[in-house]
Every structure is written in structure tokens, then in C-alpha cells.
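[1] Structure of the sequence below:
(one chain, ligands or ions: 1)
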Amino acid sequence: MTKIQNYINGTYCNPETNAWLDNYDPSIGEVYSQIAESTPQDVQAAYEAAKAAFPAWSQTPIEERSRILLNIADLIEADLDTLAAAESKDNGKPLSLATAVDIPRASANFRFFGNAITQFASEAHESVGRSTMNFTLRQPIGVVGCISPWNLPLYLFTWKVAPAIAAGNCVVAKPSEVTPMTAYLLGEILTKAGLPKGVLNIVHGTGPSAGQAIVEHPGIKAISFTGGTKTGEHLARTAAPMFKKLSLELGGKNPNLIFADCNYDKMLAVTVRSSFANQGQICLCGSRIYVEESIADQFKKDFVAKVSQLKVGNPMDSDTNLGALVSKPHMEKVLSYIDIAQEEGGNVLYGGNQVTVPGLEEGYYVEPTVIEVDSNDCTIQKEEVFGPVVTIVTFSNEEEAIAMANDVKYGLSATLWSSDLDRTMRVSKKLEAGIVWVNSWLNRDLRTPFGGVKASGVGREGGFEALRFFTEPKNVCITYNES
Ligand code: NAD
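    Model (predicted):
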């Protein structure tokens with residue numbers, strides 16, 4: 001059975017206590033590999049490697065750092081098939097999705113930040129008449145921590161580590177213990193790409209042990225975290241007394257507003273995807289659909305007809321639309337939310353049940369589920385389910401739609417369907433979200449700021465925002481003699 005080891009100082013190694021956790025293949029519900037159960041000792045070893053690598057890496061010319069990041073991007077691309085198969089097996093997502101989205105995006109993250117760092121510049125402010133020039137020196141922070149979740153494993157892991165190392169930092173990173181495989185495989189690629197030892201150290205293990213040790217480590221000066229809102233709260237409490245720089249990308253409960261004047265066919269096709277892509281386990285999925293009264297009956301009929309065509313099945317089959325949920329506890333949580341919704345008066349229009357896939361009877365499969373509710377006044381409208389479950393609520397006018405969309409503690413993304421430009425501008429400005437997609441969904445340009453408001457997080461990633469996060473701005477003020 002494969003042992004998923006830590007990657008510290010450019011070498012794969014066992015955890016110091018030699019303790020291992022079981023790692024499951026969710027498509028069959030069986031253990032298929034073992035993962036290092038790291039402790040604070042392993043985090044300390046990773047920290048020391050990172051600290052030792054920092055002086056040389058932070059002084060490595062930007063062109064050279066860029067070249068290495070682009071090498072990593074090329075090598076991920078060359079390993080597409082192996083990495084996609086590994087991601088699908090570890091996570092339960094359809095192989096087609098891992099091949100088309102997850103792994104290409106992991107490569108794109110390194111390529112993007114490998115290029116972006118060559119264009120990253122800072123400001124200068126001349127104090128005219130005072131013989132003074134100010135400039136902003138942007139220096140890497142030192143050793144930083146990156147902690148990522150299980151839903152888009154390599155995609156989100158690389159989204160953090162790529163800008164961190166591009167900016168000249170050295171990293172102690174921890175992928176989710178639920179989906180560690182592709183971050184493990186990345187170690188080999190880093191070595192092949194010529195990344196110097198210690199620049200990126202990957203420690204596996206649980207949040208409360210390895211993750212907590214990263215957040216608590218006094219030498220790790222900044223933490224970039226993506227995960228649940230509750231974990232984010234805990235992290236913020238731990239890191240605040242140490243005044244660490246924090247970037248928190250947290251949960252969502254995103255509204256999808258559908259106005260009668262939209263391009264109906266496009267909206268319908270994209271709404272199926274925005275509801276159920278990756279089994280609904282994308283922080284950006286539009287889990288609350290609000291549809292205008294005049295088209296609500298037609299929409300419900302057409303949406304359910306399309307959803308009923310989705311195939312839940314073996315992630316390896318090319319015609320599978322929804323694979324397995326990531327773990328048994330997660331599947332049970334999703335099913336319990338469906339029960340709660342029904343107890344509170346929700347009407348299941350489609351799905352609602354666990355699925356037994358022939359030959360994969362122990363896997364964690366759930367039907368795509370559509371629930372009609374009357375208002376926001378129920379649990380399913382307030383809490384993040386993070387599974388293949390969407391709700392539908394009807395609205396009668398723009399003000400009501402905006403009020404219902406904002407009536408939640410989260411504020412990650414929102415989607416808006418309308419062909420009226422004036423309306424799209426008005427509504428976009430009023431939605432409480434970090435990202436608003438108008439007439440599309442998950443249409444990403446890596447230069448844009450990415451992140452949420454309210455309980456969906458603090459700070460922004462993406463583009464130069466990420467490079468700003470991973471550098472400290474220092475004002476250098478030079479006064480000089482004019483003569
Ligand atoms: P999680 O919070 O349980 O875990 C995320 C990571 O944090 C894991 O690596 C975990 O081991 C680690 N962790 C847990 N406890 C920790 C602690 N005490 N100290 C340090 N690290 C700790 O989240 P998850 O279940 O893996 O992911 C699902 C959540 O992530 C959802 O809420 C989803 O919305 C969110 N998410 C947000 C975004 C975004 O960009 N905003 C993207 C993807 C997922």
C-alpha cells in the first residue's frame with residue numbers, strides 16, 4: 001500500500017513518530033493508501049529546512065525563480081494523465097473533471113505566477129519640492145504556511161504555494177488529510193524541476209495536529225488558508241495574538257439570481273453545472289437559486305428534467321457527471337441536511353437519496369437533489385451543505401431578490417442572469433459577495449482578485465493580490481541634496 005510521506009528539504013521522509021492514517025478511495029469506500037500523521041516535530045523539521053533555504057531563495061534572481069515555476073508547470077502538464085487519475089481516485093470526482101479542470105489549473109497556477117512575478121512592481125512617490133523620494137520595497141516575508149482543503153486538492157494547494165515561492169518565500173504547506181495524494185506526487189515534480197531543497201516543504205496530517213502546529217509556529221510569519229468558516233475562525237483566534245499576516249478563504253452559500261429577461265437556454269445549462277459540478281463540492285457553487293415568479297414554474301420543470309439526465313456513477317467512466325462524495329462522514333452530513341430541509345417544510349423536486357452504484361456498493365454516492373423552499377427561514381438556506389443539493393425560491397421583484405440573496409452570513413460569490421445591462425449593474429453593486437458572475441459561472445481570469453466578504457473570508461488571492469499578500473511593503477524614504 002502506498003505510503004504518502006512528507007516532502008521535507010527536497011526529500012521524501014516518514015513522519016518522526018512513524019504514525020500513519022488511513023486514506024480512502026471514496027468511489028469504493030476502501031482504504032487504499034496510508035498518509036503520514038505528522039506532529040509538531042515534523043512541522044519543526046519542515047520549518048528548519050524552509051528557514052535554511054530562505055536566504056538563497058529570496059536572493060535568487062526573479063528570472064531564475066520564474067524559470068523554475070514554469071518548469072514545474074510543464075512537468076505537471078506532462079503528467080496530466082497520472083495526476084488526474086490520482087486526483088479522481090483520492091477525491092471521488094469524475095476523471096473527466098480532474099483531466100479537464102483540476103490538473104490543468106494546477107499547472108496554470110505555476111505558469112501564471114511564474115510569469116506574474118516578472119511583472120510585479122511597486123510604487124514610487126516623489127515628494128516634489130522636499131528633495132525626497134519614497135519608494136515601496138516589497139520583500140518576501142520569510143517562512144510562510146499554506147493550508148488547503150479537499151474539494152479541489154492540487155488546484156487549491158498550488159494556488160497558494162505558487163505565489164508564495166514566486167515572491168521569494170519558503171513554505172511549509174499542508175494539503176487536506178482527506179485528499180493528500182496529488183500534493184504527495186508533486187514532491188517528485190518539484191525535485192525534477194530543479195526547485196532548491198527546502199523552498200517548498202509538504203507536511204501531511206490532520207488539522208488539529210500538523211495544521212495547528214503550522215499556525216502556532218512562531219517562525220511562520222504568514223498563513224494562507226482555504227477551508228471551512230469554523231476552522232478559519234479558530235485559525236484567526238490562534239494567529240491573532242502573534243500578529244501573523246492571514247489570508248482566509250472560507251465557506252459560501254452562494255445565490256444564483258435568475259431574472260425572466262435572461263438568455264434562458266444558456267442560463268439553464270450553466271445552472272445545472274453551477275449547482276452540481278464536482279458533486280456540488282465547490283465553494284463557488286450556486287446553492288441557492290432565486291427565480292423570478294413569471295418563469296418559476298417553467299424553470300422548475302426544465303431544470304428538474306435536465307438534472308434527471310445527470311449520471312451518478314463510477315468516477316472513472318467517461319459518461320459520469322457526478323462521482324462520489326469525498327468521505328462517508330461528509331456524505332452523512334449532506335444526507336442529514338436533506339432530511340432537515342424536509343422536516344422544515346422543503347419539497348424535494350428531485351433526488352434526495354444515497355445512490356448504490358453497481359459494483360461500487362460501498363462508495364459514497366448521492367443523487368443530485370433539488371429542493372423547493374418558501375423562504376430563507378430554514379436551515380438549508382443558511383448553512384453550507386457543500387454537496388449536490390440546491391434549493392429553489394421564487395421572488396417577485398429585484399429588491400426582494402437582492403434582499404434574499406444577501407440574507408445569509410456568507411458572501412463569497414453570486415451569479416446573476418439577466419439581459420438588462422442596467423439591472424445587472426444595479427444588482428451587482430448591491431450583492432454582498434467577493435465575486436459576481438453576470439450571465440456565466442466560474443469564468444475565471446487569474447489576474448482578478450479572488451475572495452469573499454462576511455463569513456466567507458478575509459483578504460484576496462489571485463493576480464498581484466496574492467503577490468502583495470506574500471510580500472511585506474516597506475516604505476524607503478530618501479532625502480537628498482539637490483546641489
Ligand atoms: P476544513 O476547514 O475542515 O479543512 C481545511 C484545511 O484546514 C485542511 O487541510 C485541514 O486539515 C486544516 N485544518 C483543520 N483544522 C485545523 C487547525 N486547527 N489548524 C490548522 N489547520 C487546520 O475544510 P474542508 O472540509 O477541507 O474544506 C471544505 C470547506 O472549504 C468548505 O467550507 C468550502 O466552502 C471551503 N472552501 C473555500 C474556498 C474559497 O476559496 N473560499 C475554496 C474551497 C473550499
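[2] Return the set of buried residues in stretch 356-371.
    Buried residues in stretch 356-371, counted by 16 or more other Cβ atoms under 10 Å: V357, L360, G363, Y364, Y365, V366, E367, P368, T369, V370, I371. No exception for glycine: its C-beta is placed from N, CA and C like everyone else's.
[3] pLDDT on that stretch, on average?
    Average pLDDT, stretch 356-371: 98.
[4] Equivalent analysis for stretch 149-157, please.
    98.
[5] likewise stretch 132-141?
    Rounded mean pLDDT across stretch 132-141 is 98.
[6] Shouldn't I223 be within a helix?
    No - I223: not assigned to a helix; according to DSSP: H, G, I helix; E, B strand; the rest coil it is strand.
[7] residues touching the nearest residue to it once chain neighbours are set aside, list them.
    Once flanking residues are discounted, I223 sits nearest to G145: 4.6 Å by Cβ to Cβ, 6 or more residues apart in numbering. Contacts here follow Cβ atoms under 8 Å, 6 or more residues apart in numbering; on that basis G145 touches V171, V172, A173, K174, I214, V215, H217, I220, A222, I223, S224.
[8] 7 Å - rerun?
    G145 makes contact with V172, I214, V215, I220, I223, according to Cβ atoms under 7 Å, 6 or more residues apart in numbering.
[9] What count of nearby residues applies to the residue of the stretch 51-200 of the chain found nearest the ligand?
    Nearest residue of the stretch 51-200 of the chain to the ligand (Cβ to the nearest ligand atom) works out as P149 at 3.1 Å. Applying other Cβ atoms under 10 Å, we find 24 residues neighbouring P149.
[10] separation between it and G198?
    In this view, P149 and G198 are 25 Å apart by Cβ to Cβ, to the nearest Å.
[11] And E372, by the same measure?
    55 Å.
[12] So for these two, which sits in the more crowded spot?
    Just comparing E372 and G198: by other Cβ under 10 Å the higher neighbour count belongs to G198, 24 against 19.
[13] Let me know the closest of the contacts of G145 to the ligand.
    Distances from the ligand to the contacts of G145, taken by Cβ to the nearest ligand atom, are shortest for V215, at 4.9 Å.
[14] and the host helix or strand of that closest one, what does it pack onto?
    V215 belongs to helix 212-216 when assigned by DSSP states H and E. With contacts defined as 3 or more Cβ pairs under 7 Å, 6 or more residues apart in numbering; DSSP states H and E, helix 212-216 has these neighbours: helix 40-58, strand 143-147, helix 229-239.
[15] how about the shortest one against the ligand, any contact?
    Yes - using Cβ under 6 Å from any ligand atom as the criterion, contacts between strand 143-147 and the ligand involve I147.
[16] Contact residues of the stretch 201-350 of the chain facing the ligand?
    Residues of the stretch 201-350 of the chain lying near the ligand (Cβ under 6 Å from any ligand atom): 206-208, 211-212, 215, 226-228, 231, 234-235, 249-252, 283.
[17] Quick one, which of these are buried?
    206-207, 211-212, 215, 226-228, 231, 234-235, 249-252, 283.
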